[in-house]
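>>> sequence first, predicted model second:
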Amino acid sequence: EAQVTQNPRYLITVTGKKLTVTCSQNMNHEYMSWYRQDPGLGLRQIYYSMNVEVTDKGDVPEGYKVSRKEKRNFPLILESPSPNQTSLYFCASSLSLGDGYTFGSGTRLTVV
Amino acid sequence: GQSLEQPSEVTAVEGAIVQINCTYQTSGFYGLSWYQQHDGGAPTFLSYNALDGLEETGRFSSFLSRSDSYGYLLLQELQMKDSASYFCAVNNQAGTALIFGKGTTLSVSS
């Protein structure tokens, strides 16, 4: 089944403890992206990638890192999480602009 | 700055037609997309307009006017299951910089 898989689905962590949210897609998509969703703010892009080793900042990249060493994987790294990074995170991938993005099921992160 | 404006809420009854408007102001433009998101779920892609005009997919249609920086999503024969949030999104450069609006919550009642 064609899908974008994120892990974990839920995570509660403490301030400052490094964490990684994994994202993997099995559709051979070139484009991948991370979004965070907060009430009243909609979906905001954190980072995106046009291909292996090609990444760029979105609207809200501060406090996040990404890497794209392989086409299928696009992990999101929080080196030192803070409470304002408590949010619902989505990974998404796309073959082309016209095909739209396929989103993962989301990761609900709480930083205390 | 870059912004997309869409109404925050729309209500309608089953069987009706509803139009969700989206106006955008971005530094570049390659296309306008629409996504649906049910509570607790992931956004799902509905449609994409790169050129002016109407695109129809079943009960849903999407329209774009590039000269007016405006588009809309038209939902016909509304069903209860259409109750969800709808987001317009702009590709503002060749690539994947997809900027979303804040979403419109559609409530369909019987």
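Happy to help now that I have it.

>>> and what about whichever residue of chain B sits closest to chain A, helix, strand or coil?
Shortest chain B-to-chain A distance, computed as C-beta to the nearest C-beta: residue-wise this is B:Phe45, at 3.0 Å. (C-beta placed from N, C-alpha, C; glycine too.) For B:Phe45, the reduced secondary structure class is strand; criterion used: DSSP: H, G, I helix; E, B strand; the rest coil.

>>> check contacts around the residue nearest to it when sequence neighbours are not counted.
Counting by C-beta to C-beta, 6 or more residues apart in numbering or on different chains, the nearest residue to B:Phe45 once its immediate chain neighbours are dropped is A:Gly100, at 3.0 Å. A:Gly100 makes contact with A:Ser94, B:Ser33, B:Tyr35, B:Phe45, B:Leu46, B:Ser47, B:Tyr48 under the criterion C-beta atoms under 8 Å, 6 or more residues apart in numbering or on different chains.

>>> closest one of those to B:Glu56?
Here the nearest of the contacts of A:Gly100 to B:Glu56, counting by C-beta to C-beta, is B:Ser47; it sits at 8.9 Å.

>>> residues from chain B in reach of chain A?
Contacts of chain B with chain A, taken as C-beta under 8 Å from any C-beta of the partner chain, map to B:30-31, B:33, B:35, B:41-48, B:50, B:87, B:89, B:91, B:95-103.

>>> and the helices in chain B?
Along chain B, no stretch is classed among the helices by DSSP state H.

>>> just the strands in chain B please.
Ranges of strands in chain B, per DSSP state E, are B:3-5, B:9-13, B:18-25, B:31-37, B:44-49, B:53-57, B:60-65, B:70-75, B:84-91, B:98-100, B:104-109.

>>> spell out which parts of chain A neighbour chain B.
Proximity of chain A to chain B (C-beta under 8 Å from any C-beta) is limited to residues A:31-33, A:35, A:40-45, A:48-50, A:56, A:58-59, A:90, A:92, A:94, A:97-106.

>>> now those residues: which count as buried?
When those are checked for burial by 16 or more other C-beta atoms under 10 Å in any protein chain shown, the buried set is A:31-33, A:35, A:42-45, A:48-50, A:56, A:58, A:90, A:92, A:94, A:97, A:100-104, A:106.

>>> mind checking which of those land in helices?
Those of those lying in helices (DSSP H): none at all.

>>> next step: the residues you listed restricted to strands.
Among these, the residues falling in strands (DSSP E) are A:31-33, A:35, A:42-45, A:48-50, A:56, A:90, A:92, A:94, A:102-103.
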